[in-house]
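J.: structure for the following, please:
(chains A, B and C)
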Amino acid sequence: MADSRFFDRSGPFTLAALALRCGAELADGGDPDFLAVDVAPLDAAGPDQMTFLDNKKYVDAFSQSRAGACIVHPSLAHRAPPGMFLLLSPDPYRSYAQAARAFYPLPKPAPGVAPQASVDPSAVLGEGVRVEPGAVIGARADIGSGSWIGPNVVIGEGVVLGEDCVIAAAASISHAIIGKRASIYAGVRIGQDGFGFAMGPQGHLKVPQLGRVIIHDDVEIGANTTIDRGAGPDTVIGAGSKIDNLVQIGHNVQLGRGCVIVAQAGISGSTHLGDFVIVAGQAGITGHLRIGSGAQIAAQSGVMRDIEPGGKVGGSPAMPFTEWLRQAAALNQMVRKKGR
Amino acid sequence: MADSRFFDRSGPFTLAALALRCGAELADGGDPDFLAVDVAPLDAAGPDQMTFLDNKKYVDAFSQSRAGACIVHPSLAHRAPPGMFLLLSPDPYRSYAQAARAFYPLPKPAPGVAPQASVDPSAVLGEGVRVEPGAVIGARADIGSGSWIGPNVVIGEGVVLGEDCVIAAAASISHAIIGKRASIYAGVRIGQDGFGFAMGPQGHLKVPQLGRVIIHDDVEIGANTTIDRGAGPDTVIGAGSKIDNLVQIGHNVQLGRGCVIVAQAGISGSTHLGDFVIVAGQAGITGHLRIGSGAQIAAQSGVMRDIEPGGKVGGSPAMPFTEWLRQAAALNQMVRKKGR
Amino acid sequence: MADSRFFDRSGPFTLAALALRCGAELADGGDPDFLAVDVAPLDAAGPDQMTFLDNKKYVDAFSQSRAGACIVHPSLAHRAPPGMFLLLSPDPYRSYAQAARAFYPLPKPAPGVAPQASVDPSAVLGEGVRVEPGAVIGARADIGSGSWIGPNVVIGEGVVLGEDCVIAAAASISHAIIGKRASIYAGVRIGQDGFGFAMGPQGHLKVPQLGRVIIHDDVEIGANTTIDRGAGPDTVIGAGSKIDNLVQIGHNVQLGRGCVIVAQAGISGSTHLGDFVIVAGQAGITGHLRIGSGAQIAAQSGVMRDIEPGGKVGGSPAMPFTEWLRQAAALNQMVRKKGR
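T.: Prediction:
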């Protein structure tokens, strides 16, 4: 059960209601009127709770789970312990997300501006906006209705936020136009100068950074991630893209729709990603590249060339993923020979 | 001498008192009543100051040092310049730490809540707590006695801090239960949502993150490091673990006791580390792994498999450390041949 | 055209004036009285705007540009579209920086202290200083004239800032002496304890960190970057050095003049860099090394040895750059053979 100091629970819900809500089907023998009072992990769930199995690594925990009900892929249903009710789903993780949201709906903070916040008189706050203590909102900023501006957040002059955005503690945003339902985590930095200098022995001269950051709808940006504004063109994050913690996005970078950028990855200036590109943790992509839609970049890769749509790469410098695996195997063999 | 604008010095202390304090022994010919007025680095220390030698790289600087006294391992004592008093210690660095703390005790800020802080009326502040300007403390938070809440810190609803914690400027903490004597550096982000999405072409659906962050006693967490809360299980940091700057700790990660995680390392979701694991700088560990107690992971390693207790690995993908060295040597040889 | 919500434009300027300002020469046939109203990227600039060509990747865009004028290297002038006026420069990027600054001068915020700021009565603010809401300035801090202290910035006790510094939102600085014209980006952490512990099974003992951070004139430090203070010696950043986002600088590190440290790089404790060293993105340098002036370290390198002045290295562990390229090629060949 989620800690009630931090989470407010709804429910209980019948299995029938949950099945409907999460696009799953009650398996034969399931009781549609069974009441689930909560969701919980496989090894912690009790007889009145619902759990899920997504990663095959945890099939044993599934077989030993005491959960009353479980969301599972049909192909693994036969591993269930006796007496457990099953909700069969083609995508158990997605179904679990929907069920868990039923039990734990997003909190709706009461609208209003805390007296310890500083809101410029020329800023526009939509209906239902809440501004927490210590937040600073600059001149002519425009905050969409239903948005939540967390404690000690800084919103710069002229910044536009769409409806229902969540800006968490101590984040700062300048020079940016942000769409609906953005979720900006604590400590995110959006809109600062890109790293543009005319370098030389007489000193590195700062190049004025005259672009913006454009963030489309339904984007999440993880804690302490940095997104520089464009140098002239804009930096653009496509709709539905999800960015993890401590990621660096350089100036003029463009992400298409639905990209996933995992923690500590870095994308250098002016590189463009297509749609649904996956960049795994600590990978780096050099500047001025084109990464095709659906490309997948393995963790710690160092990408120095364009990638075709759907291409999969690994290694540093990065190469096609299968080649990288072969190279690792060949090296392994070579050293074993030498070692004997 | 430490800059008096930033540090308040105690002392002077006799060598006898310092020897006692730092578990060292005064070498033959040392004057127990010699008064040391300060600590200083080898090359800067003067005749009334004490220094230390820990890294063999600096033996020459030791031999030329003008320091009045020096903490040193017995095996290097013969390299001392004439007239220098020696404190012999089996662990000179630890002894130096104790001596330096004698001269520079931790400051004790005066208790009280700054008028520019925002403390929810339902929050509980223990005895002797100090809250600096701009700090925001949420409903039902519980701050242990003697803790210091720095300027512009944000403590979320229900968060529990043990006694004598130090939370530095602009850090933010939510969904967390933290033990005694935690030292949380500036800009740390604890307790935000983990990076959990049910991914798919129809859009990546956020999976509610229903766990917490549990931090045991005596933990340090470096500047701008991010620790996500659990997805259902908790994220756990074991007692005495030390985490450097800009580290990423994913949801459900568990660290045992005394782990050391160096700057810019990243640990992916659901990976568990045993006790006293060392993860060097910029290393990455993929998700759902088990890293045994005492394992050591070299800088920039990319760990993709479980590691046995005491295992030492390097490289990306990571392999046993000796194999990695052999591989590097073999590659070197291969290229030299080709180059001719 | 830069978005007027975020940028205030000056001008227009004649080509003659711009040529003078940016060290360029008007090419034959150019009209010195032509009025440029703005700068813009190659593909967006219109007939009354000026653009620039620096990266050969964009020569085609240059040939198709509708810009009225363009700064270009003499060697590429022949690729200009008909009718475009050219400003010839040996360093077009630097010239563009100067022209762009003419159109977009740095804003000069009105002096004053926001009522929501907290400034210790013993702090000294120079003439023309502006302190934004939520900023907290500690006892005896000394802020140079013309400096801007952004919203929610935290300046610790005794910190010294030179003239005309810019400290962006939510940055925090302690134990530091900073020169003139520093540009500290949002979320930067300067002056916290270095990662110094006497490690051991009985617990890792914190070693008091008694040094400072010394930052010379004209330094830029990118968003969420962390610079630890010295352990005894100081951490030093040389004049004119430029540091990107999310960089880690350990205690006692010294950078010479004009160093460039790209995003997510990390420099471990006590390593010294000479002048004009370039460290590319995600590179790591281990501790206690000497990196000679003019050295260049490729992206994702892992530097474990000293580097000679002017040395160029790549790879992890790092080796001379040419050797690294040969190694990558040799591996490639090996795998291709095996793959057949």
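
J.: could you tell me the phi and psi values at the residue positioned nearest the centre of chain A?
T.: Central residue of chain A (C-alpha atoms, centre = their mean): A:K242, 3.5 Å from the mean position. Dihedral angles of A:K242 (phi, psi; degrees, to the nearest 10) stand at phi -130, psi 120.

J.: same check, this time on A:Y58
T.: Dihedral pair for A:Y58: phi -110, psi 20, per degrees, to the nearest 10.

J.: and it, what pLDDT?
T.: Per-residue confidence (pLDDT) for A:Y58: 92.

J.: how much space between it and chain B?
T.: 9 Å (C-beta to the nearest C-beta, to the nearest Å). (Each C-beta comes from the backbone N, C-alpha and C, glycine too.)

J.: test my guess that that residue contacts A:T51.
T.: No. A:Y58 is beyond contact range of A:T51, at 10.0 Å (criterion: C-beta atoms under 8 Å).

J.: settle it for me: which of the two has more neighbours?
T.: Taking neighbours as other C-beta atoms under 10 Å in any protein chain shown, A:Y58 and A:T51 compare with A:T51 leading, 28 against 17.

J.: coming back round to it: what bridges to the residue nearest to the centre of chain A?
T.: A:E220, A:V260 (DSSP bridges).

J.: who touches it in this structure?
T.: The neighbours of A:K242, taking C-beta atoms under 8 Å, 6 or more residues apart in numbering or on different chains as the test, are A:219-220, A:259-261, B:195, B:197, B:204.

J.: hmm, back to that, next, show the common contact partners of A:Y58 and A:T51.
T.: Contact criterion C-beta under 8 Å, 6+ apart; residues shared by A:Y58 and A:T51: A:L42.

J.: just to revisit the earlier point, just among the contacts of A:K242, which is most surrounded?
T.: A:I261 (30 neighbours).

J.: pLDDT wise, what is that one at?
T.: A:I261 carries a pLDDT value of 98.

J.: ok, it - contacts?
T.: Counting by C-beta under 8 Å, 6+ apart, A:I261 makes contact with A:241-244, A:247, A:249, A:255, A:267, A:279.

J.: the helix ranked longest in chain A vs helix C:321-339, what angle?
T.: When chain A is parsed with DSSP state H, its longest helix is helix A:321-339. With axes from the mean of the first three to the mean of the last three C-alpha atoms, to 10 degrees applied, the angle from helix A:321-339 to helix C:321-339 works out at 100 degrees.

J.: just checking, what packs against helix A:321-339?
T.: strand A:312-314, helix B:321-339, helix C:321-339 (3 or more C-beta pairs under 8 Å, 6 or more residues apart in numbering or on different chains; DSSP states H and E).

J.: need the winner for burial among these.
T.: Looking across these with neighbours counted as mean count of other C-beta atoms under 10 Å in any protein chain shown, the highest average goes to strand A:312-314: a mean of 23.

J.: okay, now the sheet partners of that strand, with direction.
T.: Strand A:312-314 is paired, per DSSP bridges, with strand A:296-297 (parallel), strand A:319-320 (antiparallel).

J.: name the nearest residue to A:G232, sequence neighbours excluded.
T.: Once flanking residues are discounted, A:G232 sits nearest to C:P41: 4.2 Å by C-beta to C-beta, 6 or more residues apart in numbering or on different chains.

J.: next, count neighbours for the one you found.
T.: 20.

J.: how far away is A:V129 from A:A182?
T.: 14 Å (C-beta to C-beta, to the nearest Å).

J.: any idea how far A:Y93 is from A:A24?
T.: Taken as C-beta to C-beta, the span from A:Y93 to A:A24 is 12 Å.

J.: show me which of these two is the more surrounded one.
T.: Shown here are A:Y93 and A:A24; by other C-beta under 10 Å, A:A24 has more neighbours (25 against 20).

J.: got a list of what the more buried one touches?
T.: A:A24 neighbours (C-beta under 8 Å, 6+ apart): A:18, A:71, A:87-89, A:92, A:95.

J.: chain center to the longest helix of chain A: distance?
T.: The chain centroid and the centroid of helix A:321-339 are separated by 34 Å under C-alpha atoms, centre = their mean, to the nearest Å.

J.: any idea of the mean pLDDT in it?
T.: On average, helix A:321-339 scores 81.

J.: do stretch A:70-82 as well
T.: In this model, stretch A:70-82 has a mean pLDDT of 97.

J.: picking up where we left off before, between the helices and strands packed on helix A:321-339, which gets nearest to B:G232?
T.: strand A:312-314 (30.4 Å; C-beta to C-beta).

J.: and A:A61, what does it touch?
T.: Counting by C-beta under 8 Å, 6+ apart, A:A61 has contacts A:42-43.

J.: ok but it is inside a helix, no?
T.: Yes. Assignment of A:A61 by DSSP: H, G, I helix; E, B strand; the rest coil places it within a helix.

J.: can you show me the helices along chain A?
T.: Counting by DSSP H, the helices of chain A are A:15-21, A:59-63, A:92-103, A:321-339.

J.: so which of the ones you listed is nearest A:G150?
T.: For those, proximity to A:G150 was assessed by C-beta to C-beta; helix A:92-103 is nearest, at 20.9 Å.

J.: before we move on, the earlier item: got the CA coordinates for the longest helix of chain A in CSV?
T.: Backbone C-alpha positions of helix A:321-339 (Å, rounded to 0.1, in the frame of the first residue of the first chain) are rendered in CSV as follows:
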residue,chain,number,x,y,z
PHE,A,321,24.3,-2.7,-32.9
THR,A,322,24.9,-6.2,-34.3
GLU,A,323,28.4,-5.2,-35.3
TRP,A,324,29.0,-3.8,-31.9
LEU,A,325,28.0,-7.2,-30.3
ARG,A,326,30.2,-9.0,-32.7
GLN,A,327,33.1,-6.7,-31.9
ALA,A,328,32.7,-7.3,-28.2
ALA,A,329,32.6,-11.0,-28.7
ALA,A,330,35.7,-11.0,-31.0
LEU,A,331,37.6,-8.9,-28.4
ASN,A,332,36.6,-11.3,-25.7
GLN,A,333,37.9,-14.3,-27.7
MET,A,334,41.1,-12.6,-28.6
VAL,A,335,41.9,-11.8,-25.0
ARG,A,336,41.1,-15.3,-23.8
LYS,A,337,43.5,-16.7,-26.3
LYS,A,338,46.2,-14.3,-25.2
GLY,A,339,45.4,-15.0,-21.6
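
J.: which residue is the nearest non-sequential neighbour of A:A328?
T.: Nearest to A:A328 is B:P317, by C-beta to C-beta, 6+ apart, at 6.0 Å.

J.: spit out the contact partners of that neighbour.
T.: A:328, B:302-304.

J.: quick check: phi and psi on it?
T.: Per degrees, to the nearest 10, the backbone of B:P317 is at phi -70, psi 150.

J.: so what's it scoring on pLDDT?
T.: Note on B:P317: pLDDT of 94.

J.: do A:N55 as well
T.: Looking at A:N55, the pLDDT reads 88.

J.: tell me the residues of the stretch 101-250 of chain A that contact chain B?
T.: Contacts of the stretch 101-250 of chain A with chain B, taken as C-beta under 8 Å from any C-beta of the partner chain, map to A:101, A:103-104, A:114, A:116, A:132-134, A:150-152, A:168-170, A:183, A:185-187, A:218, A:220, A:222-224, A:240, A:242, A:244-246.
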